[in-house]
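**Student:** Model the structure of this input:
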Amino acid sequence: MDAEDREQIERLLRNDPTLTKLDFLGRNIPEARACELARALRGNTVLKTLNLSHSSLGNAGAVAFADVLKINSTLMDLRLGVTYIGAAGAEALAEMLKVNTTL
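**Tutor:** Residues are numbered from 1 along each chain as shown. Purely as a prediction, here's the structure:
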């Protein structure tokens with residue numbers, strides 16, 4: 001992740017009303033940074049689309065997103081193609097989808 005990516009996370013944390021879409025397609029997001037990004041989504045009420053495809057999200061990142069998205073009702077489009085999520089991450093996301101009504 002570069003400085004621009006970090007600025008996007010800061011905007012997400014500030015709940016910037018103009019930030020409705022984030023595209024991290026093809027970014028190498030380490031699991032720790034993915035967890036930080038997931039936490040930033042916790043209180044966000046603006047973001048509608050998040051593309052994490054081809055971003056090396058991993059199990060820890062997937063679990064972190066699953067936990068947050070159980071309570072986030074704003075995000076409507078989450079793209080996770082080729083994110084190297086294993087069984088634990090996939091299971092956490094499947095459980096999240098049982099309670100999230102907007103994805």
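
**Student:** how many other residues sit next to residue 62?
**Tutor:** Using other C-beta atoms under 10 Å, residue 62 is surrounded by 26 other residues. Using the backbone N, CA and C atoms, a C-beta is placed for each residue, glycine as well.

**Student:** phi, psi of it?
**Tutor:** Main-chain torsions, residue 62, degrees, to the nearest 10: phi -60, psi -40.

**Student:** tell me which element the closest residue to it other than its chain neighbours falls in.
**Tutor:** Of all residues beyond its chain neighbours, the one nearest residue 62 is residue 89 (2.9 Å), with distances taken as C-beta to C-beta, 6 or more residues apart in numbering. Using DSSP states H and E, residue 89 sits within helix 87-97.

**Student:** picking up where we left off before, mind listing what the residue nearest to residue 62 touches?
**Tutor:** Taking C-beta atoms under 8 Å, 6 or more residues apart in numbering, we find residue 89 in contact with 57, 58, 59, 60, 61, 62, 63, 66.

**Student:** Now intersect these with the helices, please.
**Tutor:** Residues of these located in helices (DSSP state H): 58, 59, 60, 61, 62, 63, 66.
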